[in-house]
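1. Provided below for reference: sequence and predicted model.
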Amino acid sequence: MQTAATMFAGLGLFFFAMHFLCVNLKRLADQKVKRRIARLTSTVPAGLSAGMLMIVLTQSGTAAVFLLVGLVRAGMMTLRQVQPVILGLNLGAGLIVLFLTLDIRIAVLLLIAVSGFLYAFGPRHKEHVTGAAIGVGLLFLGFQIMRDAASQIETQAWFVQFVEVTAGAPLLAFLAGMVLTIFAQSSIAVAAVMIVFLQSGLFELRDGILFVFGANIGSSVLMLLLSANLSGVQRQVSLYKLGFNAFSALVLLPMMYIEAVTGVPMVAALVAHMTTDPGTQVALAYVLFNALPVPFLLLMLRPTAGFLQRVSPETQAERGARPKHLVLPCTEPPIVVQRLVELEIVRLFRLNADAFDSMRCNRGSKDLRANLDAAASLHKIVGEALRDLSSDRALSADEHGHVDLLGRILYLSQGMREALHDLGADVFYLRRNRPDLWLADSAVEGLDAILNVLISVARDRNSDTLAVLTRLTSAKNNGINAIKVAYLQDDGLLTAEEKARLMSAMNLCERLIWLFGETGRAYGRLGHSHVEVLPTAFERLQASAQLRA
């Protein structure tokens with residue numbers, strides 16, 4: 001029970017660390033950091049080197065891949081950048097098995113200690129940096145806790161008996177390596193155990209080779225389990241690692257079978273020819289498994305990326321989070337950048353409309369969260385473009401005023417997103433507990449209709465449409481107070497919790513209506529300046545962006 005509880009605690013810490021790391025990476029991922037990471041992984045040799053360094057620091061391919069998933073989720077890397085890094089991870093893992101004395105436990109504990117003190121007592125503006133460092137430390141600590149729990153199994157009588165049964169049975173040795181890797185979370189650690197066993201004479205060479213091959217397949221099974229809730233580009237990263245191991249398995253396992261049946265020298269004969277030490281022989285087999293696909297996959301980077309994009313296409317939220325009009329860093333004239341920002345803000349409003357769609361019947365909170373995350377990512381990119389634009393000293397006073405109004409609209413869109421998040425929780429609660437109440441569905445439909453009017457205002461700047469929006473968002477016409485009176489005058493109709501949730505939902509509806517109205521008024525002050533002259537300039541920008549792509 002102690003061992004099982006320890007392993008579950010390590011797994012829980014792992015999931016918490018992944019979430020905490022992702023949150024802080026998103027806060028850290030400004031354009032300067034993204035460009036720096038892009039430079040570090042801009043070429044295939046640089047990506048291979050980065051992967052080898054990462055596996056040296058983590059000693060776990062699974063942990064390293066999930067770090068890459070966190071970077072992709074934060075928008076700091078793309079699949080094409082990740083591919084060489086994963087190849088470097090596997091090459092580095094093979095080399096580490098030859099140098100098994102490296103232990104980063106003390107470094108991880110020191111990282112958590114130092115970053116924890118800085119997070120608590122350091123400067124507030126560096127919180128996201130120290131938070132990301134704590135996330136990295138806790139991620140590895142969770143793996144170390146699970147690994148320590150798994151190591152306790154080796155001293156128990158049932159495990160010793162299991163080793164005795166599997167000796168001389170290659171298939172059982174393969175399954176044992178796979179199962180142990182799933183529990184220990186590291187094929188490197190399991191390969192190290194087999195090296196000790198071989199040097200002690202507990203296994204034969206063929207058993208040991210199949211054991212480490214099973215360990216690599218076990219890491220794939222573990223990856224598949226841990227990435228079950230991923231989708232889109234994030235899932236492409238884990239599938240690429242799975243495909244790497246599958247390639248090696250499809251080539252090497254049949255060779256091992258042919259060698260065992262026919263006696264034709266292949267894998268075992270190759271490593272035995274290279275050294276007489278049993279432990280080193282198994283380490284070389286591990287290196288072979290992790291190096292064999294690298295040359296082929298280096299030649300197939302583009303086709304494999306296209307295949308993964310078809311197998312796990314990017315989600316609607318990921319498409320929404322990627323800017324369509326802005327190409328950062330913006331080098332176009334300020335008047336063009338302003339118009340591009342306006343177009344991206346319209347896309348932000350459409351993402352909010354998609355969030356309302358996620359609140360409708362037969363949809364879940366996961367869809368809502370994905371839409372709001374996409375809106376948050378796009379909001380950050382647009383905000384950075386506006387900050388760069390506002391620092392341009394060549395802007396006239398009118399242009400500065402225009403940029404300030406766009407900043408006001410962007411700020412209001414952030415308020416919409418936050419209110420939508422809270423409203424979604426109330427809507428799902430009311431629909432689940434009081435399906436007889438019509439407020440949840442009618443509020444979603446009504447607010448969505450008003451938001452679509454706002455989108456028309458933002459897109460076309462039509463004064464008649466703006467007048468309609470003004471009437472819909474006026475305190476006299478929104479009708480929320482009448483709904484409050486109708487629902488809350490009868491104390492016996494609702495429980496205290498239901499009444500609190502209903503009040504919260506109606507207050508959020510009022511806030512959203514006010515935000516829609518304020519945004520419309522900001523667009524009214526923005527006016528029609530330079531809207532008509534931009535399509536030609538924008539078309540030239542699109543052509544330039546296509547050429548650069």
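-> Structure received. Numbers count the residues shown, from 1 in each chain.
2. Can you show me the helices along the stretch 51-200 of the chain?
-> For the stretch 51-200 of the chain, the helices defined by DSSP state H, counting those that start in this stretch occupy 61-73, 79-98, 105-121, 127-151, 157-166, 170-184, 187-199.
3. Could you look up the SS state of residue 354?
-> When classified by DSSP: H, G, I helix; E, B strand; the rest coil, residue 354 comes out as helix.
4. Find the nearest non-adjacent residue to it, please.
-> residue 371 (4.8 Å; Cβ to Cβ, 6 or more residues apart in numbering). (Each C-beta comes from the backbone N, C-alpha and C, glycine too.)
5. which stretches of the stretch 201-350 of the chain aren't confidently modelled?
-> 201-203, 327-331 (pLDDT under 70).
6. Would you map the strands across it?
-> Per DSSP state E, counting those that start in this stretch, the stretch 201-350 of the chain carries no strands over any range.
7. Stretch 122-136 - what's its average pLDDT?
-> For stretch 122-136, mean pLDDT rounds to 80.
8. still on that earlier bit, ok, the residue nearest to residue 354 touching residue 356?
-> No: taking contacts as Cβ atoms under 8 Å, residue 371 lies outside contact range of residue 356: 9.1 Å.
9. Between those two, which has more neighbouring residues?
-> The neighbour count for residue 371 versus residue 356, taken as other Cβ atoms under 10 Å, is higher for residue 371 (28 against 24).
10. which SS state does that one fall under?
-> Using three-state DSSP, the structure places residue 371 in helix.
11. quick one: contacts for it?
-> Residues in contact with residue 371 (Cβ atoms under 8 Å, 6 or more residues apart in numbering) are 316-317, 320, 351-352, 354-355, 358.
12. Could you rerun that using 7 Å?
-> With contact taken as Cβ atoms under 7 Å, 6 or more residues apart in numbering, residue 371 is in contact with 317, 351, 354-355, 358.
13. Pull out the buried residues from the helix ranked longest in the chain.
-> In the chain, taking DSSP state H as the definition, the longest helix is helix 397-433. Neighbour counts over helix 397-433 (16 or more other Cβ atoms under 10 Å) mark 399, 402-403, 405-410, 412-413, 416-417, 419-421, 423-424, 426-431 as buried.
14. Contacts only, for residue 272.
-> Residue 272 sits in contact with 205, 281, where contact means Cβ under 7 Å, 6+ apart.
15. what packs against the one helix or strand residue 357 maps to?
-> Using DSSP states H and E, residue 357 maps to helix 334-358. With contacts taken as 3 or more Cβ pairs under 7 Å, 6 or more residues apart in numbering; DSSP states H and E, helix 334-358 sits against helix 365-390, helix 397-433, helix 439-460, helix 534-548.
16. residues near residue 95, how many?
-> Residue 95, neighbours per other Cβ under 10 Å, totals 16.
17. what's the distance between the helix or strand where residue 514 lies and the middle of its chain?
-> If you go by DSSP H and E, residue 514 is part of helix 496-526. Remark: helix 496-526 is offset 31 Å from the chain centroid, using Cα atoms, centre = their mean, to the nearest Å.
18. How about stretch 241-253?
-> Counting by Cα atoms, centre = their mean, stretch 241-253 is centred 25 Å from the centre of its parent chain.
19. which parts of it are buried?
-> Neighbour-count burial for stretch 241-253, counted by 16+ other Cβ under 10 Å, picks out 241-245, 247-249, 252-253.
20. What are the contacting residues of that stretch?
-> Residues outside stretch 241-253 that contact it (Cβ under 7 Å, 6+ apart): 65, 86, 90, 213, 216-217, 219-220, 223-224, 267, 289, 292-293, 297.
21. CA atoms only for that stretch, dumped as CSV, please.
-> Extracted in CSV, the C-alpha atoms of stretch 241-253 (Å, rounded to 0.1, in the frame of the first residue of the first chain):
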residue,chain,number,x,y,z
LYS,A,241,7.6,10.0,-30.4
LEU,A,242,5.4,7.0,-30.6
GLY,A,243,6.1,6.6,-34.3
PHE,A,244,9.8,6.7,-33.6
ASN,A,245,9.6,3.8,-31.2
ALA,A,246,7.2,1.9,-33.5
PHE,A,247,9.7,2.2,-36.4
SER,A,248,12.5,0.6,-34.4
ALA,A,249,10.3,-2.1,-33.0
LEU,A,250,9.0,-3.1,-36.5
VAL,A,251,12.6,-3.4,-37.8
LEU,A,252,14.4,-4.9,-34.8
LEU,A,253,11.9,-7.3,-33.2
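22. I'd like to know how far residue 403 sits from residue 360.
-> As judged by Cβ to Cβ, to the nearest Å, residue 403 and residue 360 stand 36 Å apart.
23. I meant to write residue 387 there.
-> Remark: distance between residue 387 and residue 360 (Cβ to Cβ) = 36 Å.
24. do the same with residue 5
-> Relative to residue 360, and taking Cβ to Cβ, residue 5 is found at 42 Å.
25. who has more neighbours, the two?
-> residue 360 (15 against 10).
26. The more buried one against residue 445, yeah?
-> No: the criterion here is Cβ atoms under 7 Å, and residue 360 misses it with residue 445 at 8.3 Å.
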